[in-house]
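Student: Sequence and predicted structure, then a few things I'm wondering about:
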Amino acid sequence: MKAKALYADIRERLKSAGIAEAENEALIFLETYLGITRSDIILDEEKEPEAESLNALGSALSRREKREPLQYITNNAPFMGLDFYVDERVLIPRPDTELLVEEALKDLHGGSRILDICTGSGCILISLLKYSNDCMGVGTDLSEGALEVAKKNAGEILGDNDRIRFFKGDLFEALEGTGSKFEVIVSNPPYIASGEIPNLMPEVKDHEPGMALDGKENGLFFYERIIPKAKEYLTVGGTLFLETGYDQGPAVAGLMENEGYIEIKVLKDYSGNDRVVTGVRSVKG
Ligand code: GLN
């Protein structure tokens, strides 16, 4: 069969299932399951895919038609130029979260200790360690399944090393009483108000872990707990970096101000929405 015709078939199937990025996803399906690339399509190469690969493609497409996210089907999500393994145990890393990583990277120096609260797939912490030198990182999550995914990603992306550790527990619980201190604390906690969840896309509300999305009544539940507690674990002069919803910047900055953080900043993502709030632990802390 001709590559162009295969591409058009898949694209149309995805379009009829209501998938907005049908063109782009059709390219990913073709490359992942049949090894057919964009240039094969442009040159309209003749391709005879193996029956087995066609079957795998067929079942992947029927999952996608039921609005399962592409990333859970291919078990892959690109983030910060790295390939993360993902499945239904973790939130899919979002491009917006790259802003949080880029900001935190500016703060790291040799020997920095980093704590990632609600680590999920580990995408934030693993990227920070990948793109810095001699830092060490701790990730926590309440979900055992998420920690299994994070450990797998750490192994694949960072190789065997003892610079990264994961602990199961509610926010800071696993560190309670250890006296651990960090120069940098990062978190992309669940921040969607419970009442908003039914309005999300089927990919998100029916497939991504509810506990990774749900920020309770007003979406601020986790910020209200993280911001006061983080001071115990930050060094004086250490920085807290939080991802927020597009309309939560002022509220989260206000919480930091009430807790005595200084140099508070609200940063915008590439779409011009508030996305990251940062604050420094002062001496008075
Ligand atoms: N830290 C992970 C991420 O940013 C998971 C976040 C979460 O589960 N809320 O993708």
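Tutor: On my side now, so go ahead.
Student: Dihedrals phi and psi, the residue in the chain that the ligand sits nearest to?
Tutor: Using Cβ to the nearest ligand atom, Gly120 is the residue of the chain that sits closest to the ligand, at 2.4 Å. In short, each C-beta sits where N, CA and C put it, glycine included. Dihedral angles of Gly120 (phi, psi; degrees, to the nearest 10) stand at phi 60, psi -120.
Student: start the count at 49, not 1, going forward
Tutor: Okay, using 49 as the starting number, the last item reads as Gly168.
Student: Let me see the contact set for it.
Tutor: By Cβ atoms under 8 Å, 6 or more residues apart in numbering, the contact list for Gly168 reads Val138, Leu139, Pro141, Asp189, Ser191, Ala194, Val197, Ala198, Asn236, Ala260.
Student: Name the next helix or strand following the longest strand seen in the chain along the chain.
Tutor: If you go by DSSP state E, the chain has its longest strand at strand 282-291. For strand 282-291, the following helix or strand on the C-terminal side (DSSP states H and E) is helix 297-306.
Student: For the stretch 199-333 of the chain, what lies in contact range of the ligand?
Tutor: Contact residues (Cβ under 6 Å from any ligand atom) of the stretch 199-333 of the chain with the ligand: Asn236, Pro237, Pro238, Ala260.
Student: tell me which element the second one is part of?
Tutor: Looking back up the chat, that one is Pro237. Using DSSP H and E, no helix or strand contains Pro237.
Student: Show the pLDDT at it.
Tutor: Per-residue pLDDT puts Pro237 at 98.
Student: For it, grab the count of nearby residues.
Tutor: Neighbourhood size, Pro237 [other Cβ atoms under 10 Å]: 20.
Student: For it, give me its contacts.
Tutor: With the criterion set at Cβ under 8 Å, 6+ apart, Pro237 makes contact with Ile165, Cys166, Gly263, Phe270, Tyr271, Ile274, Leu290, Glu291.
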